[in-house]
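In: This is the structure alone, sequence omitted:
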């Protein structure tokens, strides 16, 4: 792979599972309708890039850098974010599908998720302090020893978060979705 940098380029409608990425560094690039599924993204650096309607399902991402990245309308089925390079990692997700993805033991405070489908994801021992989860569906996602201090869940739904095994100090919930904090008690609330 070429170690040169691709800067300020736009990539559209490219299937990278057939046409490999040519550079190891991408800065200020925009990827639209690209396919990265089952692709090896290991050791590639993405800095201040935008991904639109792209598919990362089951991509290999060992030591991949995502720094100040914006994902909109992307699919990450079975993506292991914890395999990424953790140094300066930062991203936001809007209208993304993150089903079966894992954020195991990551430290990613202040992360923003908006209108995302996050079914059966693993958030075990992840630091999501001060993160925003705006209108996200967490059906069957796992929160265990997760740090959610000052996180905002007011508009999200279908989550089950046990306050006894997660840190939720000053986290925000609405009166409509608070049942997700009481699920383990098998209560009938009307």
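Out: Everything's here; your move. If you're wondering where the values come from, they're calculated on a predicted model, not measured in any experiment. Residues are numbered from 1 along each chain as shown.
In: roughly how far apart are residue 35 and residue 7?
Out: Taking C-beta to C-beta, to the nearest Å as the measure, residue 35 and residue 7 are separated by 22 Å. (C-beta placed from N, C-alpha, C; glycine too.)
In: Who has more neighbours out of these two?
Out: The neighbour comparison of residue 35 against residue 7 (other C-beta atoms under 10 Å) goes to residue 35, with 20 against 13.
In: so that one touches residue 57, yeah?
Out: No: contact criterion C-beta atoms under 8 Å: residue 35 and residue 57 do not qualify, at 9.0 Å.
In: Touching both of those two, which residues are there?
Out: Residues touching both residue 35 and residue 57 (C-beta atoms under 8 Å, 6 or more residues apart in numbering): none.
In: so what's the nearest residue to residue 15 once chain neighbours are set aside up against?
Out: Closest residue to residue 15 apart from its sequence neighbours, by C-beta to C-beta, 6 or more residues apart in numbering: residue 35 at 4.4 Å. If a contact means C-beta under 8 Å, 6+ apart, then residue 35 has 14-17, 54-55 as its contacts.
In: For PyMOL, write the select line for the buried members of those residues.
Out: Here is the PyMOL selection string for the buried members of the contacts of residue 35, based on 16 or more other C-beta atoms under 10 Å:
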select buried, resi 14+16+54+55
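In: Check the contacts of residue 35 against residue 112 and report the nearest one.
Out: residue 54 (18.1 Å; C-beta to C-beta).
In: Run through the residues that contact the closest residue to that closest one other than its chain neighbours.
Out: Of all residues not flanking residue 54 in the chain, residue 34 sits nearest, at 4.4 Å (C-beta to C-beta, 6+ apart). Residue 34 makes contact with 11-16, 51, 54-55 under the criterion C-beta under 8 Å, 6+ apart.
In: Could you rerun that using 10 Å?
Out: Neighbouring residues of residue 34 by C-beta atoms under 10 Å, 6 or more residues apart in numbering: 11-17, 19, 21, 51-56, 74.
In: likewise residue 59?
Out: With contact set as C-beta under 10 Å, 6+ apart, residue 59 has these partners: 16-17, 35-42, 76-80, 83.
In: Show the buried residues in those.
Out: Among the contacts of residue 59, those classed as buried by 16+ other C-beta under 10 Å are 16, 35-37, 39-42, 76-77, 79-80, 83.
In: now for those, which pair is the farthest apart?
Out: The span of those, defined through C-beta to C-beta, is set by 35 and 83 at 19.5 Å.
In: quick one on the thing from earlier: pick the one among the contacts of residue 59 closest to residue 111.
Out: residue 76 (13.6 Å).
In: dump the residue contacts of that closest one.
Out: Residue 76 is in contact with 36-37, 54-59, 61, 93, 96-102, 116, 118, 121, counting by C-beta under 10 Å, 6+ apart.
In: Quickly note the distance from it to residue 100.
Out: Using C-beta to C-beta, one gets 9 Å for the distance from residue 76 to residue 100.
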